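Student: Fold the following, please.
(2 chains)
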Amino acid sequence: MAPIDSYLALVGFGQTGWGWLLLTAAAMTIGVSVCGFLAGTVIGTIITFMQLSRHMAIRWLADGYTTILRGVPDLLVIYLFYFGGSAFLGSVGGLFGYQGFIGMPAFLTGTLALGVVSAAYQAEVFRGAYRSVARGEIEAASAVGMRPWPKFRRIVAPLVLRYAIPGLGNTWQLVLKESALVSVTGLVELLRQSQIAAGSTRRPFEFYLMAVVLYLVITWFSSILFRRMEARTTQGIRGAL
Amino acid sequence: MDTGFLWETFLTLLSGLPLTLELAVTSILAGSALALAISLLAVTGGTVGRTITGAYVFVFRGSPLLVQMFLIYYGLGQFRHELQDLGVWGFFREPYWCAVLALTLNTAAYCSEIFRGGLQAVSIQEIEAARACGMSGILLFRRIILPIAIRHALPAYGNEIILMLKATALASVITIMEVTGLAGKLIADSFRAFEIFIVAGAIYLAIIFVVTRMLMVVEFWLSPHMRMRLQS
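Tutor: Predicted coordinates for the structure are as follows:
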């Protein structure tokens, strides 16, 4: 058999192929990344509000958060949630008289770790975006008599989002790639599935190469998606020009 | 908190620090050299050069570093006999060199984009002025283009150095016991994730603090014209 045929038999969808498993695992990669990214958006928004706070102590807390989580390897954060979470669940179990080991669910670990890490990056993106909103636009909203909440929801937030989209796109790509690290917790995402396939067929090169290709496809598609979103949210700007 | 445990952890993790720094320094130096070559090819190589370098950058920036590391360490292990025939098996057998290679190729992709931006930011007037003084070729590149490009690229390059320092942690996944590798082992043994995270995190933050200060010094040193303006 020609090498290309045997390669396709290995990673394709035939009887001996790992294709479906790899695709399912790729879906898991996307799933854990999306959950982690959204968790990061929620935490990041809170951190941004803290950074813009009037109280110095709250600002310090937020700055400490972003400095630490941007300065520490993400693998350490994953270890923290994975082993720390299990230890925490174990001690909670101990309170109820359960002495055995309670493992931290790998998907939850991934979501929390990716969320906490990406929140630090997203907070910086949101803060930068908030700074680029022209003061005049906010003042105009106040001038027509908008109350604080509608003003935030209908004027400030959409503007912040518009400026934040390119930065959020970068953060999303980062999260997508970082999600490969979650494989150390045993979550069967793309890299872990490739490891399993590589181990049981003794053909690591083929499977890691396939993993690289699948990651490239996902990152390429998401860059197109973000470019579309950017184009849509800046329609108004283009119209004005 | 148990200070004795923290101190013991600190001493254990500190023993992994030389390896972390070695990985970072080796791959940053090799990666920067490679990145310079790539960015020169991208700027001067025409369509072919742009296509080749574009593909390289796309592949290495679009896929996770950990997968690249696995591809090099485990994947190339499959071609043991071919590599032995080429006489390079000694290199690919060592997880350390595989990690260095993966980090180098990865950072080269990011750095080449930074350098390309820096090179393209050198204004044509500056080059014309140098040409008017009779400079050309390597002298022009060495004395005018490169220093200006470095100055433009330095802030982004500094970020990349910090990212690389953190990226060395991935080497722990292919059995290298640097700071994160030791931390992971300690956490798995003792389950005291929080304390060990604090100590390991503090070590990384300390290195990054020192590196950012050093970068600030370099930036100050490379931009005398900005200083003059501030003093007057």
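
Student: what's the longest helix seen in chain A packed up against?
Tutor: For chain A, the longest helix by residue count, based on DSSP state H, is helix A:19-51. Other elements packing on helix A:19-51 under the criterion 3 or more CB pairs under 8 Å, 6 or more residues apart in numbering or on different chains; DSSP states H and E are helix A:56-71, helix A:106-132, helix A:157-178, helix A:190-201, helix A:204-233. For the C-beta atoms, the positions are set from N, CA and C on the backbone; glycine is no exception.

Student: again, only this time at 10 Å
Tutor: Here helix A:19-51 touches helix A:3-11, helix A:56-71, helix A:106-132, helix A:157-178, helix A:190-201, helix A:204-233, going by 3 or more CB pairs under 10 Å, 6 or more residues apart in numbering or on different chains; DSSP states H and E.

Student: can you redo the ones you listed as JSON lines with distance to chain B?
Tutor: Shown next, in JSON lines, are the helices and strands packed on helix A:19-51 (distance: least, CB to the nearest CB, whole Å):
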{"stretch": "helix A:3-11", "distance to chain B": "12"}
{"stretch": "helix A:56-71", "distance to chain B": "5"}
{"stretch": "helix A:106-132", "distance to chain B": "11"}
{"stretch": "helix A:157-178", "distance to chain B": "4"}
{"stretch": "helix A:190-201", "distance to chain B": "6"}
{"stretch": "helix A:204-233", "distance to chain B": "4"}
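
Student: For residue A:90, which of those is the nearest?
Tutor: helix A:106-132 (14.6 Å; CB to CB).

Student: Centre of the chain to the closest one, how far?
Tutor: 7 Å (CA atoms, centre = their mean, to the nearest Å).

Student: Please apply the same query to stretch A:169-186.
Tutor: With CA atoms, centre = their mean, you get 7 Å for stretch A:169-186.

Student: excluding its backbone neighbours, what's nearest residue B:35?
Tutor: residue B:111 (3.4 Å; CB to CB, 6 or more residues apart in numbering or on different chains).

Student: What distance do you get for the residue positioned nearest the centre of chain A to residue B:218?
Tutor: With distances taken as CA atoms, centre = their mean, residue A:37 lies nearest the centre of chain A, 3.0 Å away. Going from residue A:37 to residue B:218 by CB to CB, to the nearest Å gives 35 Å.

Student: Low-confidence stretches in chain A?
Tutor: Scanning chain A for pLDDT under 70 picks out A:1-3, A:236-241.

Student: Same question for chain B.
Tutor: B:1, B:228-232.

Student: if we can go back for a sec, just confirm the residue nearest to residue B:35 contacts residue B:56, I think it does.
Tutor: No: contact status for residue B:111 versus residue B:56: not in contact, 11.9 Å apart, counting by CB atoms under 10 Å.

Student: The residue nearest to the centre of chain A and residue A:125: what is the separation?
Tutor: Applying CB to CB to residue A:37 and residue A:125 gives a distance of 12 Å.

Student: Tell me the residues that contact both of the two, please.
Tutor: A:44, A:118, A:168, A:171 (CB atoms under 10 Å, 6 or more residues apart in numbering or on different chains).

Student: roughly how far is stretch A:63-70 from the heart of the chain?
Tutor: Relative to its chain's centre, stretch A:63-70 lies at 17 Å (CA atoms, centre = their mean).

Student: ugh, wrong one, stretch B:33-46
Tutor: 17 Å.

Student: Grab the CA positions of that stretch and hand them over as CSV.
Tutor: Output in CSV follows, covering the C-alpha atoms of stretch B:33-46 (Å, rounded to 0.1, in the frame of the first residue of the first chain):
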residue,chain,number,x,y,z
ALA,B,33,18.4,34.2,15.1
LEU,B,34,16.0,32.0,13.1
ALA,B,35,13.3,34.7,13.3
LEU,B,36,15.7,37.3,11.9
ALA,B,37,16.4,35.0,8.9
ILE,B,38,12.7,34.4,8.4
SER,B,39,11.7,38.0,8.6
LEU,B,40,14.5,39.0,6.1
LEU,B,41,13.2,36.3,3.8
ALA,B,42,9.6,37.7,4.2
VAL,B,43,10.7,41.3,3.5
THR,B,44,13.1,40.7,0.7
GLY,B,45,12.1,37.3,-0.8
GLY,B,46,9.2,38.4,-3.0
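
Student: Check which residues of it are buried.
Tutor: If you call a residue buried by 16 or more other CB atoms under 10 Å in any protein chain shown, then stretch B:33-46 has these buried ones: B:34, B:35, B:36, B:38, B:39, B:40, B:41, B:42, B:43.

Student: Just give me the closest of those to residue A:96.
Tutor: Out of the buried residues of stretch B:33-46, the member with the shortest distance to residue A:96 (by CB to CB) is residue B:35, at 55.8 Å.

Student: Next up, the contacts around the closest one.
Tutor: Contacts of residue B:35 (CB under 10 Å, 6+ apart): B:28, B:57, B:104, B:107-116, B:153, B:157, B:160.

Student: sorry, back to before: could you identify the helix or strand that succeeds the helix or strand harbouring the residue nearest to residue B:35?
Tutor: Taking DSSP states H and E as the criterion, residue B:111 maps to helix B:95-120. For helix B:95-120, the following helix or strand on the C-terminal side (DSSP H and E) is helix B:124-132.

Student: Right, I'll call it a day here.
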